[in-house]
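Q: give me the fold of what follows.
(2 chains)
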Amino acid sequence: MIPSFGTIAAHRFGLGPRPGEPPAEDVDALMAQVQRGVAETCPFPYDGIDGRRASFAQFRTLFRANQDAKKNGTVRKVGDRTVNPYEIGLTAASLRDQHLKIRHAVESPNGFFERLASFWCGHFAISAGKSSAMRVLVGLYEAEALRPNLAGSFKQLLTAATLHPAMLIYLDQTKSVGPGSAYGVKKGLGLNENLARELIELHTLGAGSGYTQDDVRAAACVLTGLDSESWKFRMAYHQDRAEPGIHRVLGTDYGGPVRRLEDVKALLSDLAGKEATRRHICRKLVVHFIADDPPTEVVEAMVAAWSESDGNLPDVYRAMLEHPRSWEQEGQKARQPYEFVVAGLRALNVPGDALAPVRVADVQSMVAAGAETGTMAEPAQPAMAKPVAGNDMDMTGVSGAGVERNTPAAMSETGGVGLVAAPTADGRIPFRANPYSVGALSRFGQPMWKPASPAGWDENLASWITASQLTERIAWSRTLVARFGEGQDPRGLLQATLGDLARDDTIQSVARAPSREIGLAMVLASPEFNRR
Amino acid sequence: MTTDFSRRTFLGAACCVAAAPLATPVTFAALPGDNRLVTIVLRGAMDGLALVQPYGDPALRLLRPKLSLLPEQGLHDLDGYFGLHPAAEALLPLWRAGELGFVNAISTPYRSGRSHFDGQDMLESGGAAVQDERTGWLNRAIAGITRGSARKAIDVNTTSELILAGPNPVDVWSTRANLELADDERSFFTRLYRNDPVFAAAMAEAVATDMFSDGIYAGEKRSSGVESVARLAAGMLSGEHRIASFSISGWDTHVGQDRTFKKPVGELCTAILTLKANLRPDVWRRTAILAITEFGRTAQENGSAGTDHGTGGVAIIAGGAVAGGRIHGNWPTLSEASLLDGRDLQPTTDLRQLAAAMLYQQFGISAKALGSSVFPGLTLETGASYLRG
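A: Residues are numbered from 1 along each chain as shown, chains lettered A, B, ... in the order given. Just a heads-up that it's a prediction; the model follows:
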């Protein structure tokens, strides 16, 4: 039997079915998901884009207070452990962002959009591991630079991603100074080629497409001047750091005696328009969605759509979805851990409230924080005294939902919107990763917003279906069904989740499982559920 | 090459396996292959000029005014010309014992692209050019090992890495994975996967390796740190595995290298010393550790007190089987005229030669197989002696 459009759409182009969510009936329905996704307000950062930007000043205060405490020898200690409220605040914010991203993906009816967001996060990869502050920038980057630009032109997306401060920091552009610029001469500073190289090799043309080291170096010269304003994390262009002169990249000249941001934009625009770029990106999309060994005819159809529409991404997505070859040969790809976790949570209809970070019991901390952090600089104190907005009055600390979102009305006494979480009474991070969602990703080797390299995550089936992966997937499936599988019948879950994708032998194996719990876990651990 | 084996070696290995009744038992055919090879992939481009500093080369201080060290600044002199970075101090006893050596100015044939992605592709695939080979050289080498005994290899990671990926069977295991299924439950999952070859193979490996690693950790806490990784590798090598591979990342020191270089160097020391501590002396004597990176870094420090992607670098060899206490390879010097493209250390040794020599001496893989399937196009040079005896 050939699986239905809706089933393949849910698994190959979405994040799996969720009870009560009608399956997509045609390509138009999937494309509508993209438009809806772009239009919605991104649920992370947890304090909103404005709130997050407002919190940077508080983080700066905490950072400086901690520096002062180190200098004065007044760092708070609990036993042998030093307490750094700055680092704890960053980690707490990062945890809240990560949990909201998974919760949103579980609840979203726009599965294709969510999958595209994952794809582009991997393509324009940055990592929270780059620096301390990066932890509060990665979610902001996805919300500001990527998601709103997934249904425009590739040039628009490329420009937004490249010029975002998180990217500038991640690929060391903030350290790159034109050696012949006024600032470079004065300070004796020079180029850092990292962003220039990845821009060409990973983000646009692709490795081995014929560029040279001279092109990379010239592109690095063009990019000089770009910076991120410290503690504001806004892109800045410093003319006095830009390498003066004309720089030739792939045969085109950029710059002049006076350098401008427009030179950078012109370079990005030209790179976005290259033939090698469209081939590289289209192929990568097909590798991600359809097969590790991508069918050429689909790639060609997408390249043609790109050329006709001048890189309008919805046209490119549509060309992929409308090609019959994109709907054949199910299960060529492995669900990566993020997709697997979200699909599992959707299959079991796990409620959003259960996907909050685990709150470390901190009844004492809110009372004690003000007194305990006596070394804090003055302005930060009120914010520290009211650490967790939204549901501060919930002193039991067990309600999950209240932990997640700050309501816009939640104002600190200093008038700021963003509120940095304080350490618990015993000096720990007030949240832990939820083992059903964010915690599972680390165990599966795909920690959120933390790919090992600028190349993003590996695509090969063989990389994700290994002995240890399978062991972790089985273990997680068992814990998940033990907690959320109550009242479910394994055969029913199999039918509802995989429908006509389930093979006869899997149906039989599940039906004969030694217990209901093992049967449910087998559905999630089955080859069909782990392939797409 | 060795064919002798002591009864004590066999019993030692057997006792480890005995703790894991379901693991493949050691067969007689398994006995002769006692040599071991561990590859450690240093991801991110390790700065060889920082690890083994040519402080006797006057150009070093001109190129690296901030980053270069002198013996009076903590650099550990090795031979009057080269010195070891202070962060690698823990390895000095091995150097003195002749169990640690370096191969200087080494590189894969990868030139001028300076991309991590392509550089690691070539390092692990062993091709003469980017994308020439789609599988890992260490995996292809398994087929060239004539004695069935030495064929088991393990990749200590959550996901398989290119260097050991390919058609020959390899166990992939992470330090944290633990199956925790009752026997009957396990058989149902095995049944669930029986018609999907990829899943069936992964499950079979999971069952076998789980039994085995349970024995290694014996109920102790597992973590993903490099010490646990090295311990797991040592445990596997004490059993029937003869090849192990894992990675250490964090070498991409574009910024503030005096600070960022220390952590990965510390991890490399921990990895090597943990392997030694967890291998019996007779096993350690037959073990060669090869730590390699995709390329070296620029001879000159950059504007942010770091270094950028370069070409020639350093390989680290360690273990009882290597010819240590010396620095191998021809030193091209850092003079302006010798630098590649005016910026990088000129490679004088093909990294594939070093890897091939290890495979040739440790496992008796023929020069023909090495030059055809493992490193296509390579003619094995037998001049250099990286291993003892």
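
Q: which one is residue A:333 nearest to, not counting chain neighbours?
A: residue A:532 (5.4 Å; Cβ to Cβ, 6 or more residues apart in numbering or on different chains). Backbone N, C-alpha and C define where each C-beta goes, glycine included.

Q: dump the residue contacts of the one you found.
A: Counting by Cβ atoms under 8 Å, 6 or more residues apart in numbering or on different chains, residue A:532 makes contact with A:11, A:12, A:330, A:331, A:333, A:334, A:335, A:339.

Q: neighbours of the first one, how many?
A: By the criterion of other Cβ atoms under 10 Å in any protein chain shown, residue A:11 has 27 neighbours.

Q: double-check that it belongs to a strand.
A: No. According to DSSP: H, G, I helix; E, B strand; the rest coil, residue A:11 belongs to no strand; its state is helix.

Q: rewinding a little: how much space between the residue nearest to residue A:333 and residue A:225?
A: According to Cβ to Cβ, to the nearest Å, residue A:532 stands 43 Å off from residue A:225.

Q: which other residues reach stretch A:481-492?
A: With Cβ under 8 Å, 6+ apart as the criterion, stretch A:481-492 contacts A:348-350, A:354, A:436, A:493, A:507, A:510-511, A:513, A:516-517, A:519-524.

Q: from the contact counts, what lies against the helix ranked longest in chain A?
A: Identified as the longest helix of chain A according to DSSP state H is helix A:48-72. The contact analysis (3 or more Cβ pairs under 8 Å, 6 or more residues apart in numbering or on different chains; DSSP states H and E) places helix A:48-72 against helix A:85-107, helix A:138-141, helix A:380-385.

Q: per-residue confidence for residue 163?
A: The chain I'm using is chain A. For residue A:163, the model assigns a pLDDT of 98.

Q: that was the other one, I meant chain B.
A: 88.

Q: residues in contact with the residue nearest the centre of chain A?
A: By Cα atoms, centre = their mean, the mean C-alpha position of chain A lies nearest to residue A:449, the distance being 4.7 Å. Neighbour list for residue A:449: A:98, A:121, A:126, A:127, A:128, A:138, A:139, A:142 [criterion: Cβ under 8 Å, 6+ apart].

Q: can you lay out the contacts of residue A:532 as JSON lines showing secondary structure?
A: Putting the contacts of residue A:532 into JSON lines (three-state DSSP) gives the following:
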{"residue": "A:11", "secondary structure": "helix"}
{"residue": "A:12", "secondary structure": "helix"}
{"residue": "A:330", "secondary structure": "coil"}
{"residue": "A:331", "secondary structure": "coil"}
{"residue": "A:333", "secondary structure": "coil"}
{"residue": "A:334", "secondary structure": "strand"}
{"residue": "A:335", "secondary structure": "coil"}
{"residue": "A:339", "secondary structure": "helix"}
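
Q: which of those has the weakest pLDDT?
A: Least confident entry in these, by pLDDT: residue A:330, with 84.

Q: picking up where we left off before, buried members of the contacts of residue A:449 into ChimeraX, please.
A: Buried residues within the contacts of residue A:449, by 16 or more other Cβ atoms under 10 Å in any protein chain shown, are selected in ChimeraX with:
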select /A:98,121,126,127,128,138,139,142
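
Q: hmm, which two among the contacts of residue A:449 are most spread apart?
A: A:98 and A:126 (14.3 Å; Cβ to Cβ).
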